[in-house]
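Trainee: Below: sequence and its predicted model.
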Amino acid sequence: MSEDWQRQVFETVEMHTGGEPVRIITGLMDSIFGDDILAKRRDMQRRLDGVRRLLMFEPRGHHDMYGAVLVRPSLAGADLAVLFIHNEGYSTMCGHAVIALARYAVDHGLVPVSGPCTRVGIECPCGLVYAQVGSDGSVSFDSVPAFALALDHRVSVPGVGEVSVDIGYGGAFYAVTDAACLGVSLDGRVRDLVDAASALSEAVRRSIRVRHPAAEDLGFLYGSILTDGRERAGDGISRNVCVFADAEVDRSPTGSGVTARMALRHARNQVAVGEDCVFESLTGARFAGRVTGEVPLDGHQAVTVRVSGRACYSGRASWSLEPEDEIGRGFLLR
């Protein structure tokens, strides 16, 4: 395809989960190649990264835009496969997008409705994720094996000092700590939260090598999650904000982040298998999380987590690029 994408009109379905955008891109299925999902991700990175910039950056997107590129599945049991894109590049898992994609798959006939709850297999870069779509549009998904990489890891954050963080994997790796430890509040300015979380992410990246036992492509810190300090199920609803990629702010509670937080809670014996927890984002959107079981994973005590939420449609769009429009290839102002 090389540069042919510049003459293509891209049709997208626009959704959001808890306020976090999901731009679903359907027209690249026959243009992205690879024997497995990670190979397809590398192929898009190498040949079609201009499409990511075109659809995520201004003037068609913005700094916090998020997208889902549908590709051909390579795993048995997958009804669809997806690459996740954002301002910095490509992520390994995205729970808010999985929630939207599962509803999209049922509504658009990619998966036939089967009773009050329809199962949808979604092949993600981190592995195969199964979602359940209710007749009312509600969605739950079961995570890939999630685990605690490090508990009480000490890092030095410039301007703050030494901070204790937990590092968990829920399809992507996150550093998690109480916002108060960084001198900020979830009720304060978003800019302050972004700066604090970004500084924490950089400190963690400098201090520890993040690795996944199954694939080298999965081994990187995706971002940081700042919480309100409530970690036990009995503490009630826990608020958090996730800052990922290039200082991008998740408007949802973060599906892979909820998975990681549940894995961390389980590692600390703060939540039992089958116990429900609720997480809330800055928009007031809520996801429920439940550890559904313990699973083997090389070198780690892993769990599976069920995350539940809702996604809504916000429109459809057609996007194109005029040959002489150099600015229109994509830019970001912050």
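Mentor: Looks like it came in fine. Numbers count the residues shown, from 1 in each chain.

Trainee: For the residue nearest to Ile327 when sequence neighbours are not counted, give me the pLDDT.
Mentor: Ranked by C-beta to C-beta, 6 or more residues apart in numbering and with sequence neighbours excluded, the top spatial neighbour of Ile327 is Pro59, at 7.7 Å. Every residue, glycine included, has its C-beta placed from N, CA and C. Looking at Pro59, its pLDDT is 98.

Trainee: what about Arg206, which SS state?
Mentor: Here Arg206 is recorded as helix under DSSP: H, G, I helix; E, B strand; the rest coil.

Trainee: Kindly report the same for the one 5 residues further on.
Mentor: Here Arg211 is recorded as coil under three-state DSSP.

Trainee: Now do it against Gly168, distance only.
Mentor: Using C-beta to C-beta, to the nearest Å, one obtains 14 Å as the distance from Arg211 to Gly168.

Trainee: Those two: which is more packed in?
Mentor: Between Arg211 and Gly168, counted using other C-beta atoms under 10 Å, the more crowded position is Gly168 (28 against 14).

Trainee: Need the phi and psi values for the more buried one.
Mentor: Backbone torsions for Gly168, taken as degrees, to the nearest 10, come to phi -130, psi 150.

Trainee: now Val194
Mentor: phi -60, psi -50.

Trainee: ok, now which ones touch it?
Mentor: Neighbour list for Val194: Val243, Ala247, Val249 [criterion: C-beta atoms under 8 Å, 6 or more residues apart in numbering].

Trainee: can you do 6 Å?
Mentor: Under the criterion of C-beta atoms under 6 Å, 6 or more residues apart in numbering, the contact list for Val194 reads Val243, Ala247.

Trainee: distance of it from Arg334?
Mentor: Val194 sits 10 Å away from Arg334, going by C-beta to C-beta.

Trainee: Could you do Leu128 as well?
Mentor: Separation of Leu128 from Arg334 (C-beta to C-beta) stands at 36 Å.

Trainee: and what of Asp250?
Mentor: When distance is defined by C-beta to C-beta, Asp250 is 17 Å away from Arg334.

Trainee: Between these two, tell me which one has more neighbours.
Mentor: Set side by side, Asp250 and Arg334 show unequal neighbour counts under other C-beta under 10 Å, the larger going to Asp250 at 31 against 8.

Trainee: just how off-centre is stretch 58-70 within its chain?
Mentor: Between the mean C-alpha location of stretch 58-70 and the chain-wide mean there is a distance of 14 Å, by C-alpha atoms, centre = their mean, to the nearest Å.

Trainee: next one: stretch 117-127
Mentor: On the basis of C-alpha atoms, centre = their mean, stretch 117-127 sits 14 Å off its chain's mean C-alpha point.

Trainee: Contacts for it next, please.
Mentor: With C-beta under 6 Å, 6+ apart, stretch 117-127 has contacts from 37-38, 41, 73, 75, 77-81, 92-93, 98, 101-102, 105-106, 111, 129-134, 144, 171.

Trainee: Out of those, list just those in strands.
Mentor: Leu80, Ala81, Val129, Tyr130, Ala131, Gln132, Val133, Gly134 (DSSP state E).

Trainee: could the residues you listed go into JSON lines alongside neighbour count, pLDDT and distance to Gly236?
Mentor: Supplementary listing: the ones in strands among the contacts of stretch 117-127 in JSON lines, determined by neighbours: other C-beta atoms under 10 Å; pLDDT from 0 to 100; distance: C-beta to C-beta, whole Å:
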{"residue": "Leu80", "neighbour count": "21", "pLDDT": "97", "distance to Gly236": "36"}
{"residue": "Ala81", "neighbour count": "23", "pLDDT": "98", "distance to Gly236": "37"}
{"residue": "Val129", "neighbour count": "26", "pLDDT": "97", "distance to Gly236": "28"}
{"residue": "Tyr130", "neighbour count": "18", "pLDDT": "98", "distance to Gly236": "29"}
{"residue": "Ala131", "neighbour count": "26", "pLDDT": "98", "distance to Gly236": "27"}
{"residue": "Gln132", "neighbour count": "17", "pLDDT": "98", "distance to Gly236": "26"}
{"residue": "Val133", "neighbour count": "25", "pLDDT": "98", "distance to Gly236": "28"}
{"residue": "Gly134", "neighbour count": "15", "pLDDT": "97", "distance to Gly236": "25"}
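
Trainee: Closest one of the residues you listed to Ser256?
Mentor: Of all the ones in strands among the contacts of stretch 117-127, the one sitting nearest Ser256 is Val129; the distance, using C-beta to C-beta, is 9.9 Å.

Trainee: what kind of secondary structure is the residue nearest to the closest one when sequence neighbours are not counted in?
Mentor: The spatially closest residue to Val129, leaving aside those adjacent along the chain, is Ile122, at 5.0 Å (C-beta to C-beta, 6+ apart). For Ile122, the assignment made with three-state DSSP gives strand.

Trainee: For Ile122, grab the count of nearby residues.
Mentor: For Ile122, the number of neighbouring residues by other C-beta under 10 Å comes to 25.
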